[in-house]
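Chemist: Got a predicted model here, sequence first, then my questions.
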Amino acid sequence: MERKALNGNQLKVIAMAAMTIDHVTCVLFPGYPKVWWILLLHIIGRMAAPIFWFFVAEGYYYTHDRKQYAGRLLVFALISHFAYNFAFGIPFIPFRTSVFNQTSVLWPLFWGVVALSVADSERLKQWQKFLAVIAITVVTFCADWSCIAVLAILEIGQHRGNFRRQMTGMMRWVALYAAVYVIFIDPVYGVLQFFTALTIPLLGRYNGQRGSWKGMKWLFYVYYPLHLFLCGLIRVALHGNIGVMIGG
């Protein structure tokens with residue numbers, strides 16, 4: 001049997017590197033050109049989101065204080081809204097240009113934790129849980145990775161311990177996201193979303209350990225808005241104050 005050799009910190013570093021490559025490519029080459037090596041850079045970028053979804057679900061399971069965990073994600077989602085929109089030239093006030101990509105992925109990551117709490121609640125009836133999740137998908141639809149991030153986190157968290165079912169469920173929601181991309185935004189980049197599957201072998205090697213450095217979670221919280229701010233500076237320096245993201 002293959003040794004599971006990747007800890008949580010190592011996987012998060014891979015996700016941060018893939019995310020950075022994707023975002024820098026967006027601001028260097030606006031409009032998602034159909035050049036093979038630019039597509040390749042965006043394919044690498046597809047490896048980031050599933051790792052973040054996976055570890056939000058893991059964080060929900062391991063945290064000693066779920067309210068504090070959710071609150072931390074909410075605070076950084078609000079901070080990162082401005083960094084994300086500055087990075088890609090999206091107005092800070094949503095829906096002036098589109099209904100897509102109006103805020104960062106941290107917004108649905110926060111709501112993913114809320115959705116897991118709803119699903120685990122013993123006080124709510126099944127129909128109440130269903131309506132609550134529907135409401136959450138509505139308020140997260142406008143974000144990066146849309147409500148798909150929430151639904152993927154739910155899938156991963158609710159089937160913890162069954163890796164095959166986690167990944168099958170995640171890719172089912174990715175397929176829906178890809179279909180929306182194909183129909184409403186860009187067909188080539190819709191198909192490109194399926195390359196999130198490249199992350200599955202990496203997550204399959206997760207050894208269940210966090211890693212020795214406990215500061216990784218804070219590194220991500222600081223790094224995420226910081227790298228977006230730097231992307232914004234690159235965008236303005238190269239292209240002026242224009243939007244660079246399709247659907248944004």
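Modeler: Yes, it's here.

Chemist: SS state for M245?
Modeler: coil (DSSP: H, G, I helix; E, B strand; the rest coil).

Chemist: measure it to K4 for me?
Modeler: M245 is 36 Å from K4, where distance means Cβ to Cβ, to the nearest Å. Where C-beta positions appear, they are placed from N, C-alpha and C, glycine not excepted.

Chemist: These two: who's more crowded?
Modeler: M245 (24 against 12; other Cβ atoms under 10 Å).

Chemist: Distance check, T168 against I156.
Modeler: Distance from T168 to I156, by Cβ to Cβ: 11 Å.

Chemist: between the two, which one's more packed in?
Modeler: I156 (26 against 13).

Chemist: Can you tell me the element the more buried one falls in?
Modeler: Per DSSP states H and E, I156 falls inside helix 148-158.

Chemist: and that helix, what other elements does it pack with?
Modeler: Judged by 3 or more Cβ pairs under 8 Å, 6 or more residues apart in numbering; DSSP states H and E, helix 148-158 is in contact with helix 48-62, helix 106-120, helix 126-140, helix 163-184.

Chemist: what does that helix rub up against?
Modeler: Identification of contacts with helix 148-158 by Cβ atoms under 8 Å, 6 or more residues apart in numbering yields 49-50, 53-54, 56-57, 60-61, 105, 108-109, 111-113, 115-116, 119, 133, 136-137, 140, 143, 166, 169-170, 172-174, 176-177.

Chemist: go with 6 Å
Modeler: By Cβ atoms under 6 Å, 6 or more residues apart in numbering, the list of residues contacting helix 148-158 from outside reads 53-54, 56-57, 60, 108, 111-112, 115-116, 136, 140, 166, 169-170, 173, 177.

Chemist: mean confidence score for it?
Modeler: What helix 148-158 shows for mean pLDDT is 98.

Chemist: how about that helix: buried residues?
Modeler: Buried residues in helix 148-158, counted by 16 or more other Cβ atoms under 10 Å: 148-158.

Chemist: repeat for stretch 51-71
Modeler: The neighbour-count check on stretch 51-71 (16+ other Cβ under 10 Å) flags 51-60, 66, 69-70 as buried.

Chemist: Now the terminal residues of that stretch, how far apart.
Modeler: End-to-end distance for stretch 51-71, by Cα to Cα, to the nearest Å: 21 Å.

Chemist: hang on, isn't F76 packed against Y221?
Modeler: Yes: F76 lies in contact with Y221 (Cβ atoms under 6 Å); the separation is 5.0 Å.

Chemist: More neighbours: those two, which one.
Modeler: When F76 and Y221 are compared for neighbours, F76 comes out ahead with 20 against 17, by other Cβ under 10 Å.

Chemist: Which helix or strand contains the more buried one?
Modeler: Under the criterion of DSSP H and E, F76 resides in helix 66-88.
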